[in-house]
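Student: Structure, please.
(one chain, ligands or ions: 1)
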Amino acid sequence: MAKLFFRHAAMNSGKSTQLLQIAHNYEHQGRRVSLFTAAIDGRFGVGQISSRLGVSRSAAVFDATTHFDAQLVGAVDCVLIDEAQFLAPDQVCQLHRLAHLCDIPVIAFGLRSDFRGEPFPGAAWLLALAEDIEEIKTICLCGRKATMHLRVDASGRRLNQGPQVEIGDADRYRSVCARCFYAG
Ligand SMILES: [Zn+2]
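Tutor: Modelled structure (predicted):
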């Protein structure tokens, strides 16, 4: 039976690269995939999933009005979701149902927490419902495993306030371990 997968990591850990690799592997075997990314992520143009290694491809976008059902995803063998932290809780439920009722694996890639260390609602629901949860590892400047991230301003100073969702350049975020996160 298909499952809901959640692959989480701090920023700049290669999540999109892994997603694109999985899409490639499916298609190499003659199987079809459906790709989605958040409409609010305009870093590389709307509807693009881009790896920092230079590979990119177009994807359907989801926003708060998207309803993930069999009709939307089409006749595919796998659904891949980038920026899954931006899913609404009911959308995570829709994807969970899709996996179990339509037997289509759904692999969601995203962050767990925001720059203040607070959970994204979509990530909290993915952690609750996904049957297969795995961390994509990346390291902090100090050498420990990075599990969190901070937001910095244009001159590199840490920002502790601001909206949860503020899409910016990757260079406005730093992936850090929890010790560096709390020690500043
Ligand atoms: Zn550290």
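Student: For stretch 116-133, buried residues please.
Tutor: Within stretch 116-133, the residues that qualify as buried are Phe120, Gly122, Ala123, Ala124, Trp125, Leu126, Leu129, Ala130, counting by 16 or more other C-beta atoms under 10 Å. The C-beta positions use only the backbone N, C-alpha and C, and glycine is treated the same way.
Student: same thing with stretch 130-146?
Tutor: Neighbour-count burial for stretch 130-146 flags Ala130, Thr138, Cys140, Ala146 (criterion: 16+ other C-beta under 10 Å).
Student: Check stretch 92-105 too.
Tutor: For stretch 92-105, by 16+ other C-beta under 10 Å, it's Val92, Cys93, Gln94, Leu95, His96, Arg97, Leu98, Ala99, Ile104, Pro105.
Student: Narrow these to those in helices?
Tutor: Counting by DSSP state H, the part of those found in helices is Val92, Cys93, Gln94, Leu95, His96, Arg97, Leu98, Ala99.
Student: who's in contact with the closest residue to Leu111 other than its chain neighbours?
Tutor: Closest residue to Leu111 apart from its sequence neighbours, by C-beta to C-beta, 6 or more residues apart in numbering: Gln85 at 4.6 Å. Shown in contact with Gln85 (C-beta atoms under 8 Å, 6 or more residues apart in numbering): Gly110, Leu111, Arg112, Phe120, Gly122, Ala123.
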